[in-house]
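> Here's a sequence, model it:
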Amino acid sequence: MIDLSTRYLGLNLATPLVASASPLTKQLDGFRRLEDGGASAIVMHSLYEEEIEYDQLSHDHFLEYGTESFAEALDYVPFPQTSPGPDSYLELLQAAKKAVDVPIIASLNGDTPGGWTRYASMLEEAGADALELNIFFLGTDTETTGAEIEDRTVGILRDVRELVRIPVAIKMSTFYSSVANMAARLAAAGADGLLLFNRFYQPDVDLEEFEVLPRLTLSTPESARLAVRWIGLLHGAVPADLALTSGVHDANEALKGIAAGATVTMMTSEILKNGPQRFREIERDMVTWLEEKEYDSVAQLRGALSRRGVRDEDAFTRANYKATLDAWRPDSTGFDPIGRR
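This next block holds a predicted model:
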């Protein structure tokens, strides 16, 4: 029997196949469908900083509305001990914890220090087994340096880490000038896991309506390549679990990620296109491959093709760049992986 079990963020999982944040986790039925489909853990959709700020502003408005009418009015309004917060998210989390048996990882999405981080402790109290941070910041100010952006991200992680006892993972961007150094800094600041990579959804320009519009593009298997490369480089170099979060559509990409050093592989696009049952199907395909290659477990495969596992350590670095270009041939596929016809 092939052992697919893994340990991610201190959580014992039946398989390395995790459901990443998606619209399916906005309703309780979606959690049940993901568990029934074979997801070993579920990441909730993100609680956005903007939602928290909106709730707080609305709360403050109605709390203070009319208090200027009478001098004594404020005496009759109890001073709030805590911010109201998006209660619906917390209620869904509590209900989901009762409805499914797999671990549930809450998600916070924001870009500024302070206010939103205190909701991390509320998510812990509501029953989250772990917390995922999605820190999105677009540096459009020409005076803002890369170092400032990195310090800001590390600072937010530290703030959250001080508030909660549950494991914390953070989504990494590809845009740091030194991905390896940033990974090491985040691990040192308390990240139990690093998710590679955060996909920044790009807006589109409508030339007919002259508007900037949101455009959601699902991932493709090719989307996994960059993350797999960096997982292979970081495996064993940073004391944190590594998660492949983009481009996993079948057992092939999942196994590549694990061979590079990923603890888990996460899926959204494939599930949205073809349904939660894809977890079970991919799980069966993984078992078949591992049996054929005479592996006993995914743990045995993990890191076998990382930088430390391969014979040629330069395979993940620049030496491979020229080899990749030289391998191209104008045949029917446009690419000859062994460099000849």
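
> okay, CA-based contacts and neighbour counts for the rest of this
Fine.

> okay, and the helix or strand of the protein with the least pLDDT?
helix 49-64 (a mean of 50; mean pLDDT, DSSP states H and E).

> next SSE after that one?
helix 87-99 (DSSP states H and E).

> Centre of the chain to that following helix, how far?
Relative to its chain's centre, helix 87-99 lies at 20 Å (Cα atoms, centre = their mean, to the nearest Å).

> Buried ones in it, by neighbour count?
89, 90, 92, 93, 94, 95, 96, 97 (16 or more other Cα atoms under 10 Å).

> And stretch 97-111, by the same measure?
Under 16+ other Cα under 10 Å, the buried positions of stretch 97-111 are 97, 100, 102, 103, 104, 105, 106, 107, 108, 109, 110, 111.

> can you check stretch 19-39 too?
19-22, 24-26, 28, 30-35, 37-39.

> Distance to residue 137 added to the buried residues of helix 87-99, as TSV?
TSV is the format used below for these (distance: Cα to Cα, whole Å):
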residue	distance to residue 137
89	23
90	25
92	27
93	26
94	29
95	31
96	30
97	31
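
> Would you map out the domains in the protein?
In the domain annotation for the chain, the residue ranges read 6-308, 311-341 (automatic domain parsing).

> Need the winner for burial among those.
domain 6-308 (a mean of 18; mean count of other Cα atoms under 10 Å).

> those strands in this protein, which residues are they?
Under the criterion DSSP state E, strands of the chain are mapped to 6-8, 11-13, 17-19, 42-43, 47-48, 104-110, 130-135, 168-172, 193-196, 204-206, 211-213, 241-244, 264-267.

> who touches the biggest helix by length in the chain?
Longest helix of the chain, by residue count under DSSP state H: helix 146-163. Helix 146-163 has contacts (Cα atoms under 8 Å, 6 or more residues apart in numbering) with 111-114, 117-118, 120-121, 133, 135, 137, 139, 168, 170, 176-177, 182, 185-186, 189-191.

> sorry, back to before: can you say which of the strands of the chain is nearest to residue 219?
strand 264-267 (9.6 Å; Cα to Cα).

> where are the low-confidence patches of the chain?
50-51, 53-85, 112-116, 199-201, 216, 311-328, 331-341 (pLDDT under 70).

> one more time with 90
Residue ranges of the chain with pLDDT under 90: 1, 46, 48-87, 109-119, 135-141, 173-176, 197-223, 246, 307-341.

> can you pull the contacts of residue 91?
Residue 91 neighbours (Cα under 8 Å, 6+ apart): residue 126.

> what about it, distance to residue 126?
8 Å (Cα to Cα, to the nearest Å).

> Same question for residue 284.
For residue 284, the distance to residue 126 - Cα to Cα - is 34 Å.

> Tell me what the closest residue to residue 48 other than its chain neighbours is bridged to.
Residue nearest to residue 48 in three dimensions, not counting chain neighbours: residue 109, with 4.8 Å by Cα to Cα, 6 or more residues apart in numbering. Note on residue 109: beta-bridge partners by DSSP bridges are residue 48, residue 134.
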